[in-house]
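Visitor: next input, structure requested:
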Amino acid sequence: MLDDRSVECPYCGEEFATLVDCSAGSQRYIEDCPVCCRPIEFQAEVDGAGDLTRLTTHRDDD
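Guide: Alright, predicted model coming up:
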């Protein structure tokens, strides 16, 4: 199941939409910002029912 979320880039501050694959469970992954192209670390938390409960973003250089 894919969940469409809007997030803000921790580098440039621009908002953009991203898709999270909830079928993979809770996960950490890297995706480049479509505006400034810098790598963003995403942390997705998925509950037992397969629903996205939290999505956080972090700078890759933190």
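
Visitor: only C-alpha atoms from now on, for both contacts and neighbour counts.
Guide: Noted.

Visitor: touching, Cys33 and Val7? I think so.
Guide: No: the criterion here is C-alpha atoms under 8 Å, and Cys33 misses it with Val7 at 10.1 Å.

Visitor: which one of those two has more residues nearby?
Guide: Neighbours around Cys33 and Val7, counted as other C-alpha atoms under 10 Å, are more numerous at Cys33. The numbers are 19 against 16.

Visitor: give me phi/psi at the more buried one?
Guide: Backbone torsions for Cys33, taken as degrees, to the nearest 10, come to phi -60, psi 130.

Visitor: and the gap between His58 and Val7?
Guide: In this view, His58 and Val7 are 11 Å apart by C-alpha to C-alpha, to the nearest Å.

Visitor: my bad, should have said Leu19
Guide: 10 Å.

Visitor: do the same with Phe42
Guide: 10 Å.

Visitor: who does the helix or strand encompassing Thr57 pair up with?
Guide: For Thr57, the host element (DSSP states H and E) is strand 52-59. Using DSSP bridges, the strands paired with strand 52-59 are strand 39-46 (antiparallel).

Visitor: ok, now which ones touch Asp21?
Guide: Contacts of Asp21 were listed using C-alpha atoms under 8 Å, 6 or more residues apart in numbering, and they are 1-3.

Visitor: most surrounded residue in these?
Guide: Leu2 (14 neighbours).

Visitor: give me the number of residues near the closest residue to Pro10 other than its chain neighbours?
Guide: Among residues not flanking Pro10 along the chain, Arg59 sits closest, at 5.9 Å (C-alpha to C-alpha, 6 or more residues apart in numbering). Neighbour count for Arg59, taken as other C-alpha under 10 Å: 14.
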